[in-house]
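sequence and predicted structure below; questions after.
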Amino acid sequence: MTGADRLTTDAETVDAVVVGAGHNGLVAANLLADRGWSVRVLEASDAPGGAVRTEEITAPGFRSDLGSAFHPMGFVSPVLQGLGLDAYGLAWRHAPAALAHVLPDDRGVLISRDIDVTAASLDRFAPGDGDAWRRLAEEWRRLRDPLMAAFLGPFPPVRDATKVIRTLGGPDTLRLARRMLLPATRFGEEEFRGEGARVLVAGNALHTDLAVTQTASTAFGWLLSMLAQDVGFPVPSGGARSITDALVARLADGGGAVDCHRPVARVLVEGGRAVGVVDAAGGLVRARRAVLADVPAPVLFSDLVGHEHLPARLVDDLARFQFDDAILKVDWALSSPIPWTAPEPREAGTVHLGGDTAGLIDFGADLAAGRVPRDPFMLLGQMTLSDPLRSPPGTESVWAYTHLPHARSLTEAELDEQVRRMTAVIERHAPGFSERVVARVVSRPGDLEARNPSLVRGALMAGTAQVHQMLVFRPTPGLGRPDTPVDGLFLAGATAHPAGAVHGAPGANAARAALARGGRLGPAYRTGIRAAQRLVYGAADDRGSVRAGR
């Protein structure tokens, strides 16, 4: 039988095909199935989940999250909350405290869900900083629901942004917008007197690839700090894969299916419309209504669609796409908890290590210059402290990661040296740490990508969080929406607005767009989208590769 015959005779037809079974793809599939659509999800890896997976990679009985671990965004996400995943086994657990930052001189500062504890920790660095933190937390309490809805919802967030304005009033909304654009270092100087509060916000900004001196680093540092204060840094009981397992089980109840070990080779485009996908073995799944892609936009457009189906301006823009930092991650199985000398990290599920404000500035400068930082800033997770199911009684399952320059290919010697530095930082603050190591697994950037192809060269966030690639600039200058120039093809992954983290918003936004396109007013919807896209990309027939000379 020829390949052409197989495409004709063996084709399965569903309403929607989802490429990639990361959590965003699974969210999209669930929302479509809820509306009665038949859905098939195709996943290249051996299991669903993408970066939301848990396995015993260090030693038997020790569970390690392969990507995401703490999920404050997922805990408050209206998308995940709306799916009722608790009915499918998802439960949340908390460490005694959310976050500790340990300074190089071994002083520690703590965020607890008990604001009195947090305030007391901040006041030890500078009296009065506790009250400043209380004011921010009270403002956050009033803002959280409309702000999270505006951030995670479809772009532009007209209705939810209006709610934010009503909550604060016009003048204070302008002040909030200014705050979000501040570098985290400047925000710390304006709001606090002591190093403790300043490094908490700056360290949380470094959960992204933003340097603490960069514009808008406050947006992420403040957001994560307030979430830590409000809901903590919760973890799924049993591991991050519990989120994935719940999404898969819910989808199965809705009639959807996930095919693993089935990589997609290309999106089938006929007459300017996505009509299905072809897998690596030549099998075809036709889509009556939509194809949704939970893969990085450069991979989707360049490898699966092809430049011949795209406006030249989009092809040009894709060449400018910027990934976030590469990640070097180490997982340890420990015979007992980490012997911290400072009291604060003994309580915290998440620990920041490796820098005061000056050190965090230097860390960002090294990365911007393409250097491997000699003093690595680290995020460390004490998973058994957060969830006793992660390892045998009396032991600890721990991970830590640091950022590396994304554009540089590092040698094995350079990577090994950075692992040595990471271990030395922990040992300095917890003498005897190395003696407790039962097993260790190092995940280099290439290892992360091999495990999950969406983590291109070890980038966890599917693209930089810098302002030039957010909102209407994500993944390229456009509408900030999941619709693409190929009719019926929608971006459902973290390269789309509102970017990375486990909250399901890109998948939900793609599903909503597909439903609108496939609904009663679908022709009018598509007419409006095409008119807007013509303004961004030019004439519909201006397709093909980038112009000569570019």
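Cool, the structure landed. Numbering: from 1, shown residues only.

would you map the helices across the stretch 151-300 of the chain?
158-168, 170-181, 184-191, 195-205, 217-231, 241-253, 297-299 (DSSP state H, counting those that start in this stretch).

out of those, flag the one nearest V442.
helix 241-253 (21.1 Å; CB to CB). Every C-beta, even on glycine, is put in place using the N, C-alpha and C of the backbone.

which other helices and strands does the closest one contact?
helix 23-34, strand 54-55, strand 257-259 (3 or more CB pairs under 8 Å, 6 or more residues apart in numbering; DSSP states H and E).

list the contacts of that helix.
21, 23, 26-27, 29-30, 33, 39, 41, 48-49, 52-55, 65, 71, 74, 80, 83-85, 87-91, 236, 257-258, 502 (CB atoms under 8 Å, 6 or more residues apart in numbering).

mind checking the SS state of F490?
strand (DSSP: H, G, I helix; E, B strand; the rest coil).

ugh, typo on my part, it should be H406
Relying on three-state DSSP, one would call H406 coil.

is it true that it touches F321?
No: contact criterion CB atoms under 8 Å: H406 and F321 do not qualify, at 11.6 Å.

who's in contact with the nearest residue to R93 once chain neighbours are set aside?
In this structure, R93 finds its nearest non-sequential neighbour in D387, 4.4 Å apart by CB to CB, 6 or more residues apart in numbering. Shown in contact with D387 (CB under 8 Å, 6+ apart): R93, V235, P236, S237, G238, G239.

cool, and A293?
A293 neighbours (CB under 8 Å, 6+ apart): V18, V19, G20, V267, L300, L304, L489, F490, L491, A492, G493.

how near is the residue nearest to R93 to H94?
9 Å (CB to CB, to the nearest Å).

same question for E190.
Noted for E190: a distance of 31 Å to H94, by CB to CB.

these two: who's more crowded?
Remark: of E190 and H94, H94 carries more neighbours, 18 against 11, as counted by other CB atoms under 10 Å.

what about the more buried one, distance to V102?
From H94 to V102 the distance is 20 Å (CB to CB).

next, the angle helix 195-205 makes with whichever strand or helix holds L143.
Using DSSP states H and E, L143 sits within helix 129-152. Angle of helix 129-152 versus helix 195-205, following axes from the mean of the first three to the mean of the last three CA atoms, to 10 degrees, is 20 degrees.

ok, back up a step: which of the helices of the stretch 151-300 of the chain is buried the deepest?
Of those, the one with the most neighbours on average (mean count of other CB atoms under 10 Å) is helix 195-205, at a mean of 28.

if I look at the residue nearest to R481 when sequence neighbours are not counted, what pLDDT would I see?
With sequence-adjacent residues excluded and distances taken as CB to CB, 6+ apart, R481 is closest to F155, at 5.9 Å. Listed pLDDT for F155 reads 78.

mind listing what F155 touches?
L471, V472, L479, G480, R481, H497, P498, N509.

quick revisit: which one of the helices of the stretch 151-300 of the chain lies closest to V467?
Comparing the helices of the stretch 151-300 of the chain under CB to CB, the one sitting nearest is helix 170-181, at 7.8 Å.

C-alpha coordinates for the closest one, PDB please?
Output of helix 170-181 as PDB, limited to C-alpha atoms (Å, rounded to 0.1, in the frame of the first residue of the first chain):
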ATOM      1  CA  GLY A 170      -8.400  55.000  37.700                       C
ATOM      2  CA  PRO A 171      -5.500  56.800  39.400                       C
ATOM      3  CA  ASP A 172      -4.400  53.800  41.500                       C
ATOM      4  CA  THR A 173      -4.700  51.500  38.400                       C
ATOM      5  CA  LEU A 174      -2.200  53.700  36.700                       C
ATOM      6  CA  ARG A 175       0.100  53.300  39.800                       C
ATOM      7  CA  LEU A 176      -0.400  49.600  39.600                       C
ATOM      8  CA  ALA A 177       0.600  49.600  35.900                       C
ATOM      9  CA  ARG A 178       3.700  51.600  36.700                       C
ATOM     10  CA  ARG A 179       4.600  49.100  39.500                       C
ATOM     11  CA  MET A 180       4.300  46.200  37.200                       C
ATOM     12  CA  LEU A 181       6.800  47.800  34.800                       C
END
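
no further queries at this time; thank you.
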